[in-house]
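Visitor: Build the 3D model from these lines:
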Amino acid sequence: MKKSKKAKKDYSAVRVIVVVCVLAAMAVGFYYYISHMDRGGGEDEVTVTKSQQALMRNLASNYPASPKEVVKYYCEITQCFYNESHTEEEVEALAMKIRELYDEELVSGQEKEKYLESIKVDILSMAGNGMTVSSFGLPSSTDVEYFSSNGDEWAKMYCNFNIRQETKMLNTIEQFLLRKDENGRWKIYGWQLVD
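Guide: The predicted structure follows:
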């Protein structure tokens with residue numbers, strides 16, 4: 001018994017349809033597999049520490065716009081100093097980054113090496129006493145006092161630091177004085193602990 005030409009064509013068409021359907025099903029299955037793969041917990045996942053985030057900020061192009069933002073960035077770096085473990089190079093990089101926020105008179109008043117040594121001693125002292133900066137609080141923008149003196153623009157504000165020492169919480173308040181430089185950037189002129 002010979003198959004007719006028409007039956008052969010029908011059989012070939014069915015085979016083509018079956019092959020196309022199988023390929024389409026495989027493509028849909030592969031797409032489903034790829035789109036629902038577990039992307040978390042892989043070895044390629046990178047965690048950026050707060051210190052690394054602070055160091056990545058380019059102050060030349062992204063300098064804080066207000067006195068409050070300058071002090072906020074200062075506080076964030078301060079938390080990095082006392083709350084994270086660092087290599088000596090990271091401590092120095094953070095110290096130089098925070099120094100970019102200082103007024104030129106404040107910077108010129110202390111040699112770089114003495115400044116770095118002072119930072120390292122403070123970090124060791126806080127760590128030795130089991131202290132970390134758990135949080136800080138900044139005033140509202142309306143609580144920043146602006147004034148002019150001797151042709152310079154100044155800003156004064158307070159900042160609360162909550163310091164944890166093992167199970168105790170300590171609260172300190174610091175008063176910051178900032179001066180606007182010739183480029184219109186607010187720089188930290190100094191600060192003092194408030195009784």
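Visitor: Pull the residues that contact the helix or strand encompassing Met96.
Guide: Met96 is part of helix 88-99 when elements are defined by DSSP states H and E. With CB atoms under 8 Å, 6 or more residues apart in numbering as the test, helix 88-99 has contacts from 51, 54-55, 57, 59, 74, 77-78, 80-81, 86, 107, 115-116, 119-120, 123. Yep, even glycine has a C-beta here, placed from its N, CA and C like the rest.
Visitor: So which of those sit within helices?
Guide: 51, 54-55, 74, 77-78, 80-81, 107, 115-116, 119-120, 123 (DSSP state H).
Visitor: Now the two most distant members of the residues you listed.
Guide: Maximum pairwise distance among these (CB to CB): 21.6 Å, between Ser51 and Val107.
Visitor: more neighbours, these two?
Guide: Neighbours were counted for Ser51 and for Val107 using other CB atoms under 10 Å; Ser51 has more, 22 against 16.
Visitor: Surely that one and Glu84 touch.
Guide: Yes - under the criterion of CB atoms under 8 Å, Ser51 lies in contact with Glu84, with a separation of 5.4 Å.
Visitor: where do the contact lists of the two overlap?
Guide: Contacts common to Ser51 and Glu84, judged by CB under 8 Å, 6+ apart, are absent.
Visitor: so what's the nearest residue to Ile123 once chain neighbours are set aside scoring on pLDDT?
Guide: In this structure, Ile123 finds its nearest non-sequential neighbour in Phe81, 5.5 Å apart by CB to CB, 6 or more residues apart in numbering. At Phe81, the model reports a pLDDT of 90.
Visitor: quick one: Phe81 and Ser118 touch, right?
Guide: No - look at Phe81 against Ser118 with CB under 8 Å: they stay out of range, at 11.6 Å.
Visitor: Those two: which has the busier surroundings?
Guide: Phe81 (23 against 12).
Visitor: circling back to that earlier point, what residues are up against the residue nearest to Ile123?
Guide: Val91, Leu94, Ile119, Asp122, Ile123, Met126.
Visitor: and the residues you listed, which are buried?
Guide: Val91, Leu94, Ile119, Ile123, Met126 (16 or more other CB atoms under 10 Å).
Visitor: So for the second one, what pLDDT did the model give?
Guide: In this case it means Leu94. Looking at Leu94, its pLDDT reads 93.
Visitor: what bits of this protein have low per-residue confidence?
Guide: 1-11, 30, 37-45 (pLDDT under 70).
Visitor: show me where it has strands.
Guide: Using DSSP state E, the strands of the chain run over 131-137, 145-149, 152-165, 168-180, 186-194.
Visitor: Any chance of TSV for those, columns mean neighbour count and distance to Tyr102?
Guide: Output for the strands of the chain, formatted as TSV (neighbours: other CB atoms under 10 Å; distance: least, CB to CB, whole Å):
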stretch	mean neighbour count	distance to Tyr102
strand 131-137	16	18
strand 145-149	10	19
strand 152-165	17	14
strand 168-180	15	10
strand 186-194	16	5
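Visitor: So which of those strands is nearest Ile34?
Guide: That would be strand 131-137 among the strands of the chain, by CB to CB, at 42.5 Å.
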